[in-house]
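>>> Here is a sequence together with a model predicted from it:
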Amino acid sequence: MNRIYRLLIIFVPFFIFGCKLNEIKEYKVIQKIDNLDMNIFSKSGEKLYSISSTNSIYNNNELKFELKKPTINIFKGDEPKYIINSDESTLSENNNLLKLKGNVKLKTLKQNEDFLYADNFIWNIEEANYLLEGNIRFENKNIILNSEKARLSSNNIIEFFNPVKYVIKDDNNENRYEINSENAYYNLKTESVSFKAKDKRVRSIIYF
């Protein structure tokens, strides 16, 4: 009995100390951050985008932020150009790779707002394009475009990949007619849409 008691005295402290080490190690690896507000700048000092989230985690091992219900502002100069919301997102690769997932909603900040919805949004800030995947829906007061994949470039062109379904609205905001197409291109600046087939013989353009 005394022998068992002596063994307990020896090993119990080590067990307790080991648990504390694991807790400290876990704390150092994953840090929880409430009310995160972060601005990301280019090497030249230009503000690229800002992120805010009420619930986020930073993983020291993977050097990655995991954010819940984030709001992201993408800037052009001193003014925000797009506002994006989603269910969750990750920021990794030294803040150069931004991925959003679940109920992604991108809104343009102009007088006649455009809305772009998707399941996923991917942006490598070293590139000029934003990639959207899954249940793509673009909508404004004039048109609706649907596809499974789209790319938004820095020249204000959204490319919708085949197959594309688009709907033209009438003055009462009701669907006028619906057409299925191959790749479509929408210009956010000129508010025009063009359609191209693989053989490049079928082209059309609509101005609003």
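Perfect, thanks for sending it.
>>> Show me where the chain has its helices.
2-29 (DSSP state H).
>>> residue ranges with poor pLDDT in it?
Within the chain, the stretches with pLDDT under 70 are 1-28, 170-178, 197-208.
>>> Repeat the analysis, applying 50 as the threshold.
Low-confidence segments of the chain, defined by pLDDT under 50: 1-25, 201-203, 207.
>>> Check the gap between the residue nearest the centre of the chain and Q111 for me.
Centrality entry for the chain: nearest residue to the mean C-alpha point is L100, 3.2 Å, by Cα atoms, centre = their mean. Relative to Q111, L100 is positioned 26 Å away (Cβ to Cβ, to the nearest Å). Where C-beta positions appear, they are placed from N, C-alpha and C, glycine not excepted.
>>> ok, now D78?
D78 sits 19 Å away from Q111, going by Cβ to Cβ.
>>> Likewise for F138?
As judged by Cβ to Cβ, F138 and Q111 stand 17 Å apart.
>>> Neighbour count: those two, which is higher?
Legend: neighbour count by other Cβ atoms under 10 Å for F138 and Q111, higher for F138 (25 against 5).
>>> give the contact list for the more buried one.
With contact set as Cβ atoms under 8 Å, 6 or more residues apart in numbering, F138 has these partners: 114-117, 144-146, 150, 158, 160, 186.
>>> switch the cut-off to 10 Å
Residues counted as contacts of F138 (Cβ atoms under 10 Å, 6 or more residues apart in numbering) are 106, 114-118, 132, 144-147, 150, 152, 158, 160, 166, 184, 186, 188, 193.
>>> of those, buried ones?
106, 114, 116-118, 132, 145-147, 150, 152, 158, 160, 166, 184, 186, 188, 193 (16 or more other Cβ atoms under 10 Å).
>>> so what's I122 up against?
97-101, 129-133.
>>> no no, I74
By Cβ under 10 Å, 6+ apart, the residues touching I74 are 40, 47-50, 80-84, 98, 106, 109, 123, 125, 130.
>>> what about N95, distance to N85?
With distances taken as Cβ to Cβ, N95 is found 19 Å from N85.
>>> same thing with F41?
Distance from F41 to N85, by Cβ to Cβ: 22 Å.
>>> Tell me which of the two has more neighbours.
Legend: neighbour count by other Cβ under 10 Å for F41 and N85, higher for N85 (15 against 12).
>>> Thought K101 was touching the more buried one, still the case?
No: using Cβ atoms under 10 Å, N85 makes no contact with K101, being 11.8 Å away.
>>> returning to what we had before: what subset of the contacts of I74 is buried?
Using 16+ other Cβ under 10 Å as the burial test, the contacts of I74 include 40, 47-49, 80-82, 84, 98, 106, 123, 125, 130 as buried.
>>> And the furthest pair within these?
For those, the maximum inter-member distance is 18.3 Å, found between K47 and L106 (Cβ to Cβ).
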